[in-house]
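Visitor: The sequence and its predicted three-dimensional model are supplied below.
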Amino acid sequence: MRSDRMDLQGDALTDAVVASFDGSKDERTKTVMSALVRHLHAFAREVNLTEAEYFTGIDFLTRTGQISTETRQEFVLLADVLGLSMLTVGLGNPSTSGATESTVFGPFFVEGSPGVELGADIANGAPGQPCLVSGRVLTTKGEPIAGALVETWQADEDGFYDVQKETDGPQNRAHLTTDADGNYSFWAVKPVAYPIPDDGPVGELLRAGGRGPMRPAHIHFMVTAPGYARLITHVFAQGDQYLESDAVFGVKDSLIAEFTEHPAGTTAPDGSTAPDGSTAPDGKTPDKPYYSVSYDLVLASEETQQ
């Protein structure tokens, strides 16, 4: 005798697959997989998915996995360009009044970045114009958070992260701890707009959709402190031409800051500013033009995120 499960079609097939997860010992697994099956089947019905398209999709996902490495996560990139990353960011990080907004993590974070002192140069020879990055880590009440861990990473003048090229150690990547007044500061290079890696399946998808691969200039931050919700965000460069067409939909108005250009400057022995140029805000004297940006990173308390 044939079982009803041997000749399933349409809604009956979907219901049977959903029911197959009823035995899961984890209720969340059952919830997620049941919803995934229903939406996946609904998608196939909506577009009347052909077998050829089905196998094209399988091939796409296979190649996405094959190109992924420890330093290139093509699946993260895929989630980014489909807006899934930003959707998840929004679901997991509800806006807290006064707190810095979150945005995508990106595929280029690396554990174990070098620890540096405040004001250190983390460029480590990376090409680009010097840029002093500074600000404070604060509570939503404007109080300084001492001892906050600030991790930062960014691309160089050529649009590459250190993990995308051969380097003598990390470049534009480090972590530091805020001082008693919540201050953080470091030297890197002025960020530039750059294309996300588009030589793989994600690039094919963007071209097929008539989309571009560009991201506006930005600096990544991840900030943690006991008693506060972790913040993952960017600081974007004001005036960048790609702010309204970010390939990963990560721009928020509150995260845009002005990068100010300064001429090369010197400091007189008594500490005053020489008349032929300006002095960097931290007292250093770059021998070529440089930029500075100041941006306060405001953390929500863990209580408000629960």
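Guide: Sure, I can see it. Numbering: from 1, shown residues only.
Visitor: Every contact and neighbour count from this point should use C-alpha atoms.
Guide: Will do.
Visitor: Quick check, central residue of this protein?
Guide: The geometric centre of the chain, computed from its C-alpha atoms, lies nearest to Phe105 (CA atoms, centre = their mean), at 3.0 Å.
Visitor: What ranges does the stretch 101-250 of the chain have for its helices?
Guide: If DSSP state H, counting those that start in this stretch is used as the criterion, the helices of the stretch 101-250 of the chain fall at 201-208.
Visitor: in it, which spans are strands?
Guide: Assigned by DSSP state E, counting those that start in this stretch, the strands in the stretch 101-250 of the chain fall at 120-121, 130-139, 149-153, 173-177, 183-189, 194-195, 214-215, 218-224, 231-237.
Visitor: Make TSV from these and add mean neighbour count and distance to Ala52 to it.
Guide: Below are the strands of the stretch 101-250 of the chain laid out as TSV (neighbours: other CA atoms under 10 Å; distance: least, CA to CA, whole Å):
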stretch	mean neighbour count	distance to Ala52
strand 120-121	18	53
strand 130-139	22	51
strand 149-153	22	42
strand 173-177	23	44
strand 183-189	25	47
strand 194-195	17	31
strand 214-215	22	31
strand 218-224	21	40
strand 231-237	24	40
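Visitor: export those strands to TSV and tack on distance to Asp26 and mean pLDDT?
Guide: Shown next, in TSV, are the strands of the stretch 101-250 of the chain (distance: least, CA to CA, whole Å; pLDDT from 0 to 100):
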stretch	distance to Asp26	mean pLDDT
strand 120-121	48	93
strand 130-139	37	95
strand 149-153	34	98
strand 173-177	37	98
strand 183-189	43	95
strand 194-195	40	96
strand 214-215	39	98
strand 218-224	30	98
strand 231-237	29	98
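Visitor: Between those strands, which one is closest to Tyr295.
Guide: Nearest to Tyr295 among these is strand 130-139; the distance by CA to CA comes to 4.8 Å.
Visitor: Pull the contacting residues for the closest residue in space to Ile67 that isn't next to it in sequence.
Guide: Across the structure, with CA to CA, 6 or more residues apart in numbering as the measure, the residue nearest Ile67 apart from its sequence neighbours is Glu74 (6.8 Å). Going by CA atoms under 8 Å, 6 or more residues apart in numbering, Glu74 touches 64-65, 67-68, 107, 202.
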